[in-house]
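In: Structure of the sequence below:
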Amino acid sequence: MRSSIVTVGVLAFLLSYAPTLVQSASESPAKVFADHNDVGAVLHPGSVVFDVDKQSYTVAGSGENMWFAKDAFHYVWKKATGDLSVAATISFPEPGKDPHRKACLMIRQSLDEDSAYVDVALHGDGLTSLQFRESKGATTHEVQANVSGPTRVKLVKRGKYATLEFANTDGPFQFSGAAARIDFQEPFYLGIGVCSHNKDVIEKAVFERVEIISPLPASTGVPTLYSTLETQTLSSTDRRVTYVTPTRIEAPNWLRDGKNLVFNGGGRILKVPVTGGTPESIDTGFATRCNNDHGLSPDGTLLAISDQSQGLKKSLIYTLPITGGTPTLVTATGPSYWHGWSPDGKTLTYCGERGGEFDIYTIPVNGGNETRLTSAKGLDDGPEYAPNGMSIYFNSNRTATMQIWRMKTDGGDQEQVTTDDLNNWFPHISPDGQSMVFLSYEKEVSGHPENKDVTLRRMNLTTKKIDVLARLFGGQGTINVPCFSPDGRKIAFVTYQLIP
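Out: Next up, the predicted model:
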């Protein structure tokens, strides 16, 4: 089937069946949307009107919210299949009663109030986000875009991922960085909707230049890799885009002020405000091939980096002032990949390859003799100190699958922490020592490759209960190094998308 762009409009005689909605296609005219109805419990019935002169839909909806485990709003929809997109220019014609009223482009599994769904939601106050409920009855989450009140928005479904794009009036669409993994069964419901966010009132939104592309054109050439630096609030597990770029960036750390993040890209270390902006490069002198193993000293004054620009081009560990400067060599032997700093600031822990074996080592921060802590056959990687300084967490595949382990700081009493059929990498311990965030690959994935479906999970270290924080497209570069904000309320990570 040939891809087509469907534009709202044009058969005036159908207006007598208002609120019937129509489209014009290159082959023949047909309805854009099949029907409309309220979803969930609403006090005031919604409606929709098509203006043939303005080529616009005015949707009126009530409803307390579209959030948590159920929704209440007015939905205008059609059944659809496959990969597709829907775009529109959205505006609110009246001041409104609630700044959180929502006008949405939506894909929904069913018309049930607790259905799985994903939408691009433009709020009355300009907040623009990708909202989603992964399965029936689950809690709604969102990825907030770092843009307010864009002129046009687009929801794209490609495979298991949905993305949010935005554009100026006549400009090209840009990827916002917001993406969610959700697996719909066909057919599903595609449409537009309005929620007043106040059960006692009705709000209106106008959708102009509605365009549906179905199916999406076949991909040609090499897709562009986009990297999105995100933060996540752990109490809600909702996310926000800090920075998105059509290049590869990796492994964010927080500065001690809690207002800035550092990450690596193109061999350099960069800094960007958590609220977004243009990244600035930190001067690392001769170290121009920095990889994704870097992090800050407990007092926030020094930066540890792993760089492979010198000598035999093997990764070596250096320290330098966080403000930039000439790196000081710590490990004379490579490859060595930094991962953790002792709470007292005196010792570094890292993964090193020696004689073909990857093991965990420690070394004084000013250099000297390294101490080997692990000797099991296989790969030991990702060491990080517990905040109390009494143990080191790491990942090891000594039991066939990659699992999280823990040991004393001298290497004693090595014990397994996770025991499941996933491959678990890069343990990061919260500042209060109560929880651990880590990255999980499916059991068939070997190593920690890039561009895979992965899951960020959290373990309560007292109860051992594990919950899911996010399902992502990522892997290598997502969360290799310490990721908690200084107050422990947020984490930072990088997600990726391959955009045709």
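In: Toward the C-terminus from the lowest-mean-pLDDT helix or strand in the chain, list the very next helix or strand.
Out: Lowest mean confidence among the helices and strands of the chain (mean pLDDT, DSSP states H and E): strand 23-24, at a mean of 32. Next in sequence after strand 23-24, counting helices and strands by DSSP states H and E, comes strand 35-39.
In: Now find how far off-centre that following strand is within its chain.
Out: 31 Å (CA atoms, centre = their mean, to the nearest Å).
In: tell me what it is packed against?
Out: Helices and strands touching strand 35-39, by 3 or more CB pairs under 8 Å, 6 or more residues apart in numbering; DSSP states H and E, are strand 73-80. The way it works is simple: take the backbone N, C-alpha and C, and place the C-beta from them, glycine included.
In: Parallel or antiparallel, list what pairs with the strand it packs on.
Out: strand 35-39 (antiparallel), strand 188-195 (antiparallel) (DSSP bridges).
In: Ranking those by mean neighbour count, which comes first?
Out: strand 188-195 (a mean of 27; mean count of other CB atoms under 10 Å).
In: Which strands border the following helix or strand past that one, and is each parallel or antiparallel?
Out: Proceeding N to C from strand 188-195, the next assigned helix or strand is strand 203-213, under DSSP H and E. Next to strand 203-213 in the sheet, as set by DSSP bridges, lie strand 5-8 (antiparallel), strand 56-61 (antiparallel), strand 84-91 (antiparallel).
In: is it possible to export the strands paired with strand 73-80 to JSON lines including mean pLDDT and distance to G265?
Out: Output for these, formatted as JSON lines (pLDDT from 0 to 100; distance: least, CB to CB, whole Å):
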{"stretch": "strand 35-39", "mean pLDDT": "97", "distance to G265": "42"}
{"stretch": "strand 188-195", "mean pLDDT": "98", "distance to G265": "36"}
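In: Of all the ones you listed, which one comes closest to T89?
Out: strand 188-195 (11.7 Å; CB to CB).
In: roughly how far out does the closest one sit from the chain middle?
Out: Counting by CA atoms, centre = their mean, strand 188-195 comes out at 23 Å from the chain centroid.
In: repeat for stretch 351-361
Out: How far stretch 351-361 lies from its chain's middle: 32 Å, per CA atoms, centre = their mean.
In: And the contacts of it?
Out: Here stretch 351-361 makes contact (CB atoms under 8 Å, 6 or more residues apart in numbering) with 331, 333-337, 339, 349-350, 370-375, 377, 379-383, 392, 394, 411.
In: Give the buried residues for that stretch.
Out: Buried residues in stretch 351-361, defined by neighbour count with 16 or more other CB atoms under 10 Å: 351-353, 358-361.
In: among those residues, which two are most distant?
Out: E353 and I360 (11.6 Å).
In: Verify the contact between V86 and V210 for me.
Out: Yes: at 7.1 Å, V86 counts as touching V210 under the criterion of CB atoms under 8 Å.
In: Next, show the common contact partners of the two.
Out: With CB under 8 Å, 6+ apart as the test, V86 and V210 both reach I192.
In: Spatially nearest residue to A103, not counting backbone neighbours?
Out: Nearest residue to A103, sequence neighbours excluded (CB to CB, 6 or more residues apart in numbering): A205, at 3.5 Å.
In: what about I90, how many residues close to it?
Out: Under the neighbour criterion other CB atoms under 10 Å, I90 is assigned a count of 28.
In: does it have beta-bridge partners, and which?
Out: If you apply DSSP bridges, the partners that I90 bridges to are F207.
In: how about it, what does it touch?
Out: Contacts of I90 by CB under 8 Å, 6+ apart are 103, 122, 152-153, 205-208.
In: closest to T399 among these?
Out: Nearest to T399 among the contacts of I90, with distances taken as CB to CB, is V153, at 47.1 Å.
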